[in-house]
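J.: model the structure of this input:
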Amino acid sequence: MRLLNAVVERMDLRNIMRSYSRIGRIEYPPRILLKILLYAYMRRIYSSREIERACRENVCFMYLLEGYPPPDHNTICRFRSKYLVGHEQDLLEQMTRLLVSWGFVSMASVFIDGTKIEANANRYSFVWRKSTEKARAKLLTKIVSELPGIVVSSGIKWHIPEIVEIRHLKKLRKKLCEKRETEGVVLVRGKGHHKTALQKALEKVSEWLGKLKQYARDLHICGDRNSYCKTDHDATFMHMKEDHMRNGQLKPGYNVNVASSEEFIIGNYISADRNDVHTLIPFMGRLGGYQIKNVVVDSGYESEENYCYFELLPETSLYVKPANHEQRKTRKYRTDISRRENMTYDAKTDSYTCAGGKQLTFDYDKKARSKNGFELTTSVYSCKACAGCPLKEKCIRAGGSKKPMEERNKVLYVSKRFASQREAMEEKINSEQGKLLRVNRSIQAEGIFAMIKEDMNFRRFLLRGAVKVEVEWTLLSLAYNILKLHHKLQTNRLGTGLVIPKGFPAGL
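T.: Predicted coordinates for the structure are as follows:
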């Protein structure tokens, strides 16, 4: 508690002060409320009502209040979800700068890893992009087929476009309303009342318009994601390790990426993307202010785009385990004749020779772009003499084509740049330095999530929305750093860098 008090007193909170209104007075200084929140997170208390109760009963919270009365839970919640928004990265950066200035963090090696944490949202209020697109297409087909009859029955002149959009239905509804007012048609409801053809047409068009607007809204909220949750639009449905029903169900959550050095959290990145591969480059943009020598990640971050990004950073070296690193060690992988790695490549003729002695020659280069606009080039090789080959069934995989096996030929899709980058990384991670960094990634990055989820018992966010979730996770990161700093002070482990297991050279 005293260590927390000393650390917060050394932080500059003037930016948070500027977020308050100039009208009226500030009941509690931000430094008091920040101390209360951080100490509550250190004590595994996350609810604002429980924090209010602790301020009334716990002597440590009373000490941090410095004579102020216990704050109301609304005051605590308002400070966390309103006044800290936009300042969370500054607070974490200030603490990191303090740790660096004290010599406890060197930034020589940074370990990045991600985990998925459930959002505070209904697990069954999901909206799927593909289902919405199918329902929208089905409705548009129905509108095109039924619209001519509605226009004829209502007695208005209106040109039906080939592709019906929302703006067309709005114009049609406007014309129907004008005709109703001109003829003085009274809208009726309930049993015993007969609806006119004009009223039926107006109701049908209004129903279609409402559905199309809802589909457009759902697709807009999804953006480039495949799903979203109705009770937290920023959350995406993804698989969680905490599966209490044991049926692999999807839950709304966030992909939380953490950068650590010397067992301290130095950076966070909250994403709604289920895949880690798209989060590395924007995360490195947040860490651009630090002089980082080595960045160590797991195989989930490997991609050609990420390799090329780090090639443009000469001062920072990437260490990533290729996705097929463990698979390459197996006998099944080494004896699989369908794989490119088990074929002979001739650089002069730019061709591959398969196990049956047939040549796969270059056909063309296939161009594509990634989600971020990065250009990818894939070379396509094919064999023209697969007919009658006794190894054909082993060489050509059964899935992926509707053609019968007799009509199919072997085709290879090779990204030459990615293949060379992967081979270079294999050599890099198998060096003594690479092995040591990989061991420490398991200790540091995985250890952080183990402590937060098990020891601090944080498995589900309380706030909703990506902005507020980032504030909540940053508070948790600050509390974790103070706990880790206190533990290292007690065990006299401050300033220790990498953990060197037995058998490694001491100079690494």
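
J.: from here on, contacts and neighbour counts on C-alpha atoms
T.: Will do.

J.: and Ile117, what element?
T.: Using DSSP states H and E, Ile117 sits within strand 109-118.

J.: what helices or strands is that strand leaning on?
T.: The helices and strands touching strand 109-118, judged by 3 or more Cα pairs under 8 Å, 6 or more residues apart in numbering; DSSP states H and E, are strand 250-261, strand 294-297, helix 432-450.

J.: most packed of these?
T.: Mean neighbours per residue, mean count of other Cα atoms under 10 Å, is largest over the helices and strands packed on strand 109-118 for strand 250-261, with a mean of 24.

J.: let's see the next helix or strand after that strand as PDB, backbone CA atoms only.
T.: Sequence-wise, the next helix or strand downstream of strand 250-261 (DSSP H and E) is strand 264-271. Taking C-alpha atoms only, strand 264-271 is exported to PDB below (Å, rounded to 0.1, in the frame of the first residue of the first chain):
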ATOM      1  CA  PHE A 264       6.600  -6.000 -16.000                       C
ATOM      2  CA  ILE A 265       3.800  -4.900 -18.400                       C
ATOM      3  CA  ILE A 266       5.100  -2.100 -20.600                       C
ATOM      4  CA  GLY A 267       2.300  -2.000 -23.200                       C
ATOM      5  CA  ASN A 268      -1.300  -3.100 -24.000                       C
ATOM      6  CA  TYR A 269      -3.300  -3.400 -27.100                       C
ATOM      7  CA  ILE A 270      -7.000  -4.400 -27.000                       C
ATOM      8  CA  SER A 271      -8.500  -5.700 -30.300                       C
END
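
J.: partner strands of strand 264-271, with direction?
T.: With DSSP bridges as the criterion, the sheet partners recorded for strand 264-271 are strand 250-261 (antiparallel).

J.: can you list the low-confidence ranges for the protein?
T.: In the predicted model of the chain, residues 398-401, 505-508 satisfy pLDDT under 70.

J.: for it, what spans make up the strands?
T.: For the chain, the strands defined by DSSP state E cover 109-118, 126-128, 227-229, 236-239, 250-261, 264-271, 294-297, 317-320, 344-346, 351-353, 359-369, 375-383, 411-414.

J.: take those strands and lay them out in JSON lines including distance to Arg331.
T.: As requested, these are arranged in JSON lines below (distance: least, Cα to Cα, whole Å):
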{"stretch": "strand 109-118", "distance to Arg331": "30"}
{"stretch": "strand 126-128", "distance to Arg331": "41"}
{"stretch": "strand 227-229", "distance to Arg331": "39"}
{"stretch": "strand 236-239", "distance to Arg331": "31"}
{"stretch": "strand 250-261", "distance to Arg331": "34"}
{"stretch": "strand 264-271", "distance to Arg331": "38"}
{"stretch": "strand 294-297", "distance to Arg331": "26"}
{"stretch": "strand 317-320", "distance to Arg331": "23"}
{"stretch": "strand 344-346", "distance to Arg331": "18"}
{"stretch": "strand 351-353", "distance to Arg331": "21"}
{"stretch": "strand 359-369", "distance to Arg331": "24"}
{"stretch": "strand 375-383", "distance to Arg331": "26"}
{"stretch": "strand 411-414", "distance to Arg331": "22"}
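
J.: nearest to Gly24, out of the ones you listed?
T.: Comparing the strands of the chain by their distance to Gly24 (Cα to Cα), the top pick is strand 264-271, with 34.5 Å.

J.: quick one: the closest one to chain centroid distance?
T.: 13 Å (Cα atoms, centre = their mean, to the nearest Å).

J.: with stretch 257-269 instead?
T.: Centre to centre, stretch against its chain (Cα atoms, centre = their mean), the figure for stretch 257-269 is 16 Å.

J.: got the buried residues for the strand holding Ile117?
T.: For strand 109-118, the neighbour count (16 or more other Cα atoms under 10 Å) marks Ser109, Val110, Phe111, Ile112, Asp113, Gly114, Lys116, Ile117, Glu118 as buried.

J.: export the residues you listed to JSON lines and tack on distance to Asn74?
T.: What follows is the buried residues of strand 109-118, written out as JSON lines (distance: Cα to Cα, whole Å):
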{"residue": "Ser109", "distance to Asn74": "41"}
{"residue": "Val110", "distance to Asn74": "38"}
{"residue": "Phe111", "distance to Asn74": "37"}
{"residue": "Ile112", "distance to Asn74": "35"}
{"residue": "Asp113", "distance to Asn74": "34"}
{"residue": "Gly114", "distance to Asn74": "32"}
{"residue": "Lys116", "distance to Asn74": "29"}
{"residue": "Ile117", "distance to Asn74": "25"}
{"residue": "Glu118", "distance to Asn74": "24"}
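
J.: just curious, which of the residues you listed is nearest to Tyr290?
T.: Using Cα to Cα, Val110 comes nearest to Tyr290 of the buried residues of strand 109-118, at 10.3 Å.

J.: contact partners for the closest one?
T.: Ala259, Ser260, Ser261, Ile292, Lys293, Asn294, Val295, Val296 (Cα atoms under 8 Å, 6 or more residues apart in numbering).

J.: any idea how far it is from Met425?
T.: Between Val110 and Met425 the distance is 17 Å, computed by Cα to Cα, to the nearest Å.

J.: burial of Asn268, as a residue count?
T.: Neighbours of Asn268 under the rule other Cα atoms under 10 Å: 23.

J.: so it makes contact with Ser260?
T.: No: if you go by Cα atoms under 8 Å, Asn268 and Ser260 don't touch, sitting 9.2 Å apart.

J.: quick one, domains of this structure?
T.: By the assignment in automatic domain parsing, the chain contains the domains 1-84, 128-229, 337-415.

J.: hang on, the earlier thing: okay, the contacts of Val110 in TSV with distance to Ser370 next?
T.: Listed next are the contacts of Val110 as TSV, based on distance: Cα to Cα, whole Å:
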residue	distance to Ser370
Ala259	24
Ser260	28
Ser261	30
Ile292	27
Lys293	27
Asn294	25
Val295	23
Val296	23
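
J.: ok, so of these, who is nearest Phe61?
T.: Nearest to Phe61 out of the contacts of Val110 is Ser260 (Cα to Cα; 28.9 Å).

J.: and the gap between Leu13 and Glu88?
T.: Counting by Cα to Cα, the gap from Leu13 to Glu88 is 11 Å.

J.: which one of the two has more residues nearby?
T.: Using other Cα under 10 Å, the more surrounded residue of Leu13 and Glu88 is Glu88, with 21 against 18.

J.: could you find the closest non-adjacent residue to that one?
T.: Sequence neighbours aside, Val471 is the residue nearest to Glu88 in space, at 5.6 Å (criterion: Cα to Cα, 6 or more residues apart in numbering).

J.: and that neighbour, how many neighbours?
T.: 21.

J.: can you check Ile45 too?
T.: Look at Ile45: counted by other Cα under 10 Å, it has 18 neighbours.

J.: try Ile396
T.: So Ile396, with other Cα under 10 Å, has 17 neighbours.

J.: correct me, but it touches Glu406?
T.: No: using Cα under 8 Å, Ile396 makes no contact with Glu406, being 10.7 Å away.

J.: now for these two: what residues contact both?
T.: The contact sets of Ile396 and Glu406 do not overlap (Cα under 8 Å, 6+ apart).
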